[in-house]
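Engineer: I would like the atomic coordinates for the input below:
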Amino acid sequence: MANGLQPQAVDVLVIGAGPAGLAAAIAAREAGVTNLLVLEREPEMGGILKQCIHNGFGLHRFQEELTGPEYAQRDIERVKALQIDVRCATTVLNITKDRLVTAISRERGMQLFQARAVVLAMGCRERPRGALAIPGTRCAGIYSAGTAQKFVNLEGYMPGKRVVILGSGDIGLIMARRMTLQGAKVLACVEIMPFSSGLNRNIVQCLNDYDIPLLLNHTVVDIQGRDRLEGVTVAQVDAKREPIPGTETHFACDTLLLSVGLIPENELTRQADVEMSAATQGAVVDDALQTSQPGIFACGNVLHVHDLVDFVSAESFKAGKAAAEYALGSRADGRTAAVLDGEGVRGAVPQRIRIPDPAETASPIQLMFRPSCVFENAVIRVLDGDREVLRIKRRILAPGEMADLTLKPELLRALSGQALTVRIDASEGVCAWNS
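Structural biologist: Prediction:
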């Protein structure tokens, strides 16, 4: 072992103490795991929810509207009541496919853990300016929306007074409202796609209610300023997302916030040689959230980026329970079928489902995915090989909102074992990409 360290045996080890990690740990404890450990690199539990002081959390799970800190606190209190060992300010450096975990902290130094089961719940990070290739100077005043949110909500600093937001992700939309309420002037929210990537309710409550324009099919093509940002140039883009000459508009501003997508934090996942999905940028999992490596589970935004924390918690409770069953030797195996993305569907999760035996008590399986564009009066079809097994009509499907469907036990038992394809039937729905 490294430096002569002997690994500490752990039944279930959870990496991350945000909403996903907390829910997974609670579920594992309630499923009977006593030797349970949670490792968190931040100095305290709660994850990103600590800085999300706006309301709108918990409507599905608690049937009431909470702020982010209030939502997190409920799980934190439950973790404490269950006496779960959570070690904050501890960074996980490595994980092997055999579930040997290396971590380090200021208090305990280097640590090794040999886990029967591991739950990956590291969350996601924001895409930085360097991933966008925007021309212009490297001046001060350019922040990710989440960084600006932390400055304003936790540290009491205002990033600037005249703001342009690039991208229409939910954090950017929420920060448009937050900056306005703090006295800044938000000039525009600029989105390269013909549709917003955020929830419709956030477009209404954070942009429309404050008369902030949403410029679809536009992007920032230049950044001006030497020491501090002085302005940005925005242009319309064509169907190939290329700027259209002659459509440029200049905005004099001192702040540019970037809300251009989230990236699952999967460096540790790759170290464990877990199969990855190009569509979700997360692990390929079965309906119990187990990855391609036995005993390693993934949940929350490290698996696929969610819209609502309520759904993160629901998924993570399932992952924590499944990890407990694996660690305690009570997880059942069986035949599986692959789940494939069909026309109009991007990133269906889970990517594998277990087919229950005829006499087995089975639970429904929820499939989640994002539409590839905006559909009106759409029909979602599930095909078992060439045989249609499920058909659902939806009035609106949009990439900014996760779609889901439920596979009932009787449907699961009747599956042939061929690949299951989820698709949006374009012949019965209208792709409103350019509408």
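Engineer: Let me see the contact set for the closest residue to Glu343 other than its chain neighbours.
Structural biologist: If the residues on either side of it in the chain are set aside, Glu343 comes closest to Arg423, at 4.7 Å by Cβ to Cβ, 6 or more residues apart in numbering. All C-beta spots, glycine's among them, are computed from the backbone N, C-alpha and C. Contacts here follow Cβ atoms under 8 Å, 6 or more residues apart in numbering; on that basis Arg423 touches 342-345, 380-381, 383.
Engineer: so where's the stretch 301-435 of the chain uncertain?
Structural biologist: 332, 426-435 (pLDDT under 70).
Engineer: sorry, back to before: is the residue nearest to Glu343 part of a helix or strand, or is it coil?
Structural biologist: Three-state call for Arg423 (DSSP: H, G, I helix; E, B strand; the rest coil): strand.
Engineer: so what's it bridging to?
Structural biologist: When bridges are called by DSSP bridges, Arg423 pairs up with Arg381.
Engineer: Roughly how far does it sit from Phe369?
Structural biologist: 10 Å (Cβ to Cβ, to the nearest Å).
Engineer: Then His60?
Structural biologist: 18 Å.
Engineer: Who has more neighbours out of these two?
Structural biologist: Neighbour totals were compared for His60 and Phe369, and Phe369 leads with 25 against 12 (other Cβ atoms under 10 Å).
Engineer: list the contacts for the more buried one?
Structural biologist: By Cβ under 8 Å, 6+ apart, the neighbours of Phe369 are 341, 345-349, 402-404, 422.
Engineer: cool, and Asn153?
Structural biologist: Contacts for Asn153 (Cβ under 8 Å, 6+ apart) come out as 51-53, 178.
Engineer: Closest to Ser144 out of those?
Structural biologist: Nearest to Ser144 among these is Gln51, at 12.3 Å by Cβ to Cβ.
Engineer: Does the closest one touch Leu154 like I think?
Structural biologist: Yes. Contact status for Gln51 versus Leu154: in contact at 5.1 Å, counting by Cβ atoms under 8 Å.
Engineer: Show me which of these two is the more surrounded one.
Structural biologist: Ranked by neighbour count (other Cβ under 10 Å), Gln51 and Leu154 place Gln51 first, with 19 against 11.
Engineer: How about the secondary structure of Val220?
Structural biologist: Under three-state DSSP, Val220 comes out as strand.
Engineer: Quick check: the gap between Gly68 and Ala145.
Structural biologist: Gly68 is 15 Å from Ala145, by Cβ to Cβ.
Engineer: scratch that, Thr219 is what I was asking about
Structural biologist: From Thr219 to Ala145 the distance is 16 Å (Cβ to Cβ).
Engineer: So for those two, which sits in the more crowded spot?
Structural biologist: Per other Cβ under 10 Å, whichever of Thr219 and Ala145 has more neighbours is Ala145, with 25 against 22.
Engineer: my guess is that one contacts Leu166, does it?
Structural biologist: No. Between Ala145 and Leu166 there is no contact under Cβ under 8 Å: 9.3 Å.
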